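Student: Quick one: sequence and predicted model below, then my questions.
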Amino acid sequence: MTLMSPDSVTPTRVNLLNFDLDGLADFCEHLGEKRFRAVQLFRWIHQRGDPGACQFDQMSDLAKSLRVKLQAVATVSPLPVVSQHISTDGTIKWLFDVGDANAIETVFIPELGRGTLCVSSQAGCAMGCRFCATGHQGFSRNLSTGEIIAQLWFAEGFLRQHSQSHGHSDDRSDRVVTNVVLMGMGEPLQNYDALLPALRVMTCDHGYGLSRRRVTVSTSGIVPMMDRLAQDCPVALAVSLHAPNDVLRDQLVPLNLKYSLHDLLSACLRYLAHAPRDFITFAYCLLDGVNDGDEHARQLIQLMQTVRTHSRAGVGCKFNLIPFNPFPDSGLRPSSPERTQSFARILNAAGITTTVRKTRGGDIDAACGQLAGDIRDRTRVQQRMERLHRPRFLHQESAT
Ligand code: SF4
C-alpha cells in the first residue's frame, strides 16, 4: 500500500477519511496491526462528533505504539471552510475549499425530528442540465471519498458542539445529522469509485450508522451505474426527471440523449427490487412555460403507470416539485405558485404522492452551485490578474 493520498496533509500522511472500514483494516494490517484495531480507530474518527478526538494521542484505548505510528503516517484531514451562512430558520450552508480555485457546497436543513445534510460529490458537474447553476459552470474534478466524508464529519462535529453549547443535548450517541442526501454539486454516480466507500462509511454501524433508507443518492439517470449501485449498496434513490417526454428531456437533461426515458424507467424498476424503500423519488424542477403545463403533468401520470404497477407495494414513485432558483444567464423563470399548485394537484389526484419542496434558508439563498461558482470566478479573476502582472514584475526584477 502506498502512503500517498490526494488530500493528505503531507505527501506521506494518509487521510483516514478516505477509508471505509475494510480499507482502514487493510491500512492497519499494512502498519503491522491486527485488523480489528480498525474498528476502534473508525469509531474515534466518525462517532465522537468532536474534531479534537481525531488527534491520535487522544485515542486512549489504542495502544501507545499504534498511536505513535499513526502520528507519523496518517492524518484526519478536514476541508478548509471558506464561508458559513446560517439562516434564521436554522439552515446552514457551508462552502469548502477543495483546492485549485474550486469550492463545494454543503447544506444542513433542520426539521422537526430530523436533520438532513445535502452533500456534494464533485467540484462542478459535467452533466450540463439546463436549469442548474452547477451544470452551467462545468466540471472541475471528482471529489475523493475523504472529501465527501469530510463534509459529513465536519457538519456532525460542528452541529453537536453547537447544540451542546446551547444546552440541547450532551448525549454523544445522539446524531444530529439523521439523513444524508447526495444532492449537492455533482452527479454522484459519475464518481462511483469514491462514492461507494463513502456510502459504506455513512451506513456502517461503526461509522455514522445511518440506515440505507436515510441515505439518498440522486442521479440524473446514469443507467449502468444505477444497476451497479443496486448490487453494491442499494440506498434510497432520487432521480432527476424534469420532463415527461424524451423531446423535452433531451433539452433539459442532455444525458437523456444517451439513456432515454424508457431506459431510465426500466433501470428504476430494476432498482426498486433492491431499494430500501418501495418507491423512487422523482425530482421535477418546474420551469415557467417549459415543463409546467397541465398536459405535462398528465404525461407524467402515464409515464409512471409502469413503475407503479410493477413496484412491490404499487407505490413506485413519489414526486418532489422543485421551485427553480434563478441564476444569471439561465434564460429560465420559476413557475408561479398557482401553476405549481395546479401541477401538484393533478399528480396527487392521480394517486401519485407529490410534495412541493419548501424554500429553506431564504435569507441565505442562492441556487445550488452559485456560491461556489462565485468563488471560482473571483479566484480565477485574481489568478488572471496575478499572471498578467507577473511578467512585468519579473521584467522589472531582471532589469535591476
Ligand atoms: S442537476 Fe445535478 S446532474 Fe444536472 S448539472 Fe446540476 S449537479 Fe449536475
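Tutor: Cool, the structure landed.
Student: Of all the residues in this protein, which one is nearest the ligand?
Tutor: For the chain, the residue closest to the ligand is residue 135, as judged by Cβ to the nearest ligand atom, at 2.6 Å. Any C-beta I mention is one placed from the backbone N, CA and C, and that applies to glycine too.
Student: Quick one: distance of the helix or strand where that residue lies to the chain centre.
Tutor: Assigned by DSSP states H and E, residue 135 belongs to helix 133-137. Counting by Cα atoms, centre = their mean, to the nearest Å, helix 133-137 is centred 15 Å from the centre of its parent chain.
Student: any idea of the mean pLDDT in it?
Tutor: The average pLDDT within helix 133-137 is 89.
Student: which helices and strands sit right next to that helix?
Tutor: Under the contact criterion of 3 or more Cβ pairs under 8 Å, 6 or more residues apart in numbering; DSSP states H and E, helix 133-137 touches helix 370-399.
Student: Check the burial of residue 100 by counting its neighbours.
Tutor: By the criterion of other Cβ atoms under 10 Å, residue 100 has 11 neighbours.
Student: my guess is it meets residue 140, correct?
Tutor: Yes. With contact taken as Cβ atoms under 8 Å, residue 100 and residue 140 are classed as touching, separated by 7.2 Å.
Student: Spell out which parts of the stretch 51-200 of the chain neighbour the ligand.
Tutor: For the stretch 51-200 of the chain, the residues in contact with the ligand (Cβ under 6 Å from any ligand atom) are 125, 127-129, 132, 134-135, 185-187.
Student: Now, these that are in strands?
Tutor: Residues of those located in strands (DSSP state E): none.
Student: for those, which one is nearest residue 300?
Tutor: Nearest to residue 300 among those, counting by Cβ to Cβ, is residue 129 at 17.7 Å.
Student: ok, now which ones touch that closest one?
Tutor: With contacts defined as Cβ atoms under 8 Å, 6 or more residues apart in numbering, residue 129 is in contact with 135, 220, 240, 242, 252-254.
Student: Report the two of the residues of the stretch 51-200 of the chain next to the ligand separated the most.
Tutor: The widest separation within those (Cβ to Cβ) is 13.4 Å, between 128 and 185.
Student: Compare these two (neighbour count), which wins?
Tutor: A direct count of neighbours by other Cβ under 10 Å for residue 128 and residue 185 places residue 185 higher, at 29 against 16.
Student: I'd say that one and residue 135 touch.
Tutor: No. When contacts are counted by Cβ under 8 Å, residue 185 is not listed as touching residue 135 (9.4 Å).
Student: burial measure for the nearest residue to residue 220 once chain neighbours are set aside, as a count.
Tutor: Once flanking residues are discounted, residue 220 sits nearest to residue 240: 4.6 Å by Cβ to Cβ, 6 or more residues apart in numbering. Other residues within reach of residue 240, judged by other Cβ under 10 Å, total 25.
Student: Switch the contacts of residue 129 over to TSV, and while doing so, append secondary structure to every line.
Tutor: Formatted as TSV, the contacts of residue 129 follow (DSSP: H, G, I helix; E, B strand; the rest coil):
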residue	secondary structure
135	helix
220	coil
240	strand
242	coil
252	helix
253	coil
254	helix
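Student: Pick the one among these closest to residue 111.
Tutor: Distances from residue 111 to the contacts of residue 129, taken by Cβ to Cβ, are shortest for residue 240, at 22.0 Å.
Student: what are the bridge partners for that closest one, then?
Tutor: Beta-bridge pairing for residue 240 (DSSP bridges): residue 283.
Student: where does the stretch 201-350 of the chain dip in pLDDT?
Tutor: Under the criterion pLDDT under 70, the flagged ranges of the stretch 201-350 of the chain are 312-315.
Student: residues from it in reach of the ligand?
Tutor: 220, 240.
Student: Strands of the stretch 201-350 of the chain, residue ranges please.
Tutor: 215-219, 236-240, 279-286, 316-323 (DSSP state E, counting those that start in this stretch).
Student: now those strands in JSON lines, with distance to residue 162?
Tutor: Shown next, in JSON lines, are the strands of the stretch 201-350 of the chain (distance: least, Cβ to Cβ, whole Å):
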{"stretch": "strand 215-219", "distance to residue 162": "23"}
{"stretch": "strand 236-240", "distance to residue 162": "27"}
{"stretch": "strand 279-286", "distance to residue 162": "29"}
{"stretch": "strand 316-323", "distance to residue 162": "28"}
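Student: So for residue 293, which of those sits nearest?
Tutor: The closest of the strands of the stretch 201-350 of the chain to residue 293 is strand 279-286. By Cβ to Cβ, the value is 10.3 Å.
Student: on contacts alone, who are the packing partners of that closest one?
Tutor: With contacts taken as 3+ Cβ pairs under 8 Å, 6+ apart, strand 279-286 sits against strand 236-240, helix 261-272, helix 294-310, strand 316-323, helix 337-349.
Student: So which bits of the second one are buried?
Tutor: Of the residues in helix 261-272, those buried by neighbour count under the rule 16 or more other Cβ atoms under 10 Å are 261, 264-268, 271-272.
Student: Save these as CSV, and put in distance to residue 232 too.
Tutor: Below are the buried residues of helix 261-272 laid out as CSV (distance: Cβ to Cβ, whole Å):
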residue, distance to residue 232
261, 25
264, 19
265, 21
266, 19
267, 15
268, 17
271, 12
272, 16
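Student: so residue 265 makes contact with residue 303?
Tutor: Yes. Counting by Cβ under 8 Å, residue 265 does reach residue 303; the two are 7.1 Å apart.
Student: any idea which helix or strand carries residue 26?
Tutor: Following DSSP H and E, one finds residue 26 within helix 21-30.
Student: hang on, the earlier thing: verify the stated contact: the residue nearest to residue 220 with residue 218.
Tutor: Yes. Here residue 240 reaches residue 218: they are 6.4 Å apart, a contact under Cβ under 8 Å.
Student: which residues do these two both contact?
Tutor: Listed as contacting both residue 240 and residue 218 by Cβ under 8 Å, 6+ apart are residue 283.
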